[in-house]
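*Asks:* A structural model of the following input is requested.
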Amino acid sequence: PGDAVPCPRRVSSVLNRDVKHFGKQHLFDGSEETCWNSDQGTSQWVTLDFPRPVKVSELHIQFQGGFSSRLCTLEGCRTGEELVKIAELYPQDSHAMQISFPRMVEQTVLDKLKITFGSGTDFFGRIVVYHLAVLGERL
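*Replies:* This next block holds a predicted model:
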């Protein structure tokens, strides 16, 4: 938390285009009252562009139970390169904070990280995330 760095981010969609109540800014605001809520669709995603290279060590994510993803595909790259798949995570359909990152990725240096939420638990493919944090070392 003390070493948090704001970074430009993009999301695939926002529920009913209501950015004020469900926009990407709520992924990182630290409030338990707000969330990013995607619109309907089969594949939702979040992209983070770090201001300088980072060596990632952990991913913290908190979904709303019933609106989570059974599969999260992580892709990353350095500036000017194409995204490459670096890992797949299999979160629980739960409101609990989930912390994970595969060992094979811990030494990967990235300028950009894309998290794709596939196989959503909601019938319409909506994803709801209350908290997202990428921990690591700034280089």
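*Asks:* what kind of secondary structure is residue 16 in?
*Replies:* Following DSSP: H, G, I helix; E, B strand; the rest coil, residue 16 is assigned to helix.
*Asks:* neighbours of it, how many?
*Replies:* Look at residue 16: counted by other CB atoms under 10 Å, it has 10 neighbours. Glycine gets a C-beta too; all of them are placed from N, C-alpha and C.
*Asks:* now do the contacts for it.
*Replies:* Counting by CB atoms under 8 Å, 6 or more residues apart in numbering, residue 16 touches 22, 39.
*Asks:* quick check, residue 118 in a strand?
*Replies:* Yes. Assessed by three-state DSSP, residue 118 belongs to a strand.
*Asks:* quick one: it from residue 135, how far?
*Replies:* As defined by CB to CB, to the nearest Å, residue 118 lies at a distance of 23 Å from residue 135.
*Asks:* same deal with residue 66?
*Replies:* In terms of CB to CB, residue 66 sits 27 Å off from residue 135.
*Asks:* do the same with residue 37
*Replies:* To residue 135, residue 37 is 24 Å away according to CB to CB.
*Asks:* the more surrounded of the two?
*Replies:* Between residue 37 and residue 135, counted using other CB under 10 Å, the more crowded position is residue 37 (23 against 15).
*Asks:* in this structure that one contacts residue 15, no?
*Replies:* Yes. Contact criterion CB atoms under 8 Å: residue 37 and residue 15 qualify, at 4.1 Å.
*Asks:* hey, what's in contact with both of these two?
*Replies:* By CB under 8 Å, 6+ apart, residue 37 and residue 15 have these common neighbours: 22, 126.
*Asks:* name the helices or strands packed onto the longest strand seen in the chain?
*Replies:* Criterion DSSP state E: the longest strand present in the chain is strand 44-63. The contact analysis (3 or more CB pairs under 8 Å, 6 or more residues apart in numbering; DSSP states H and E) places strand 44-63 against strand 9-11, strand 69-77, strand 98-100, strand 109-120, strand 128-138.
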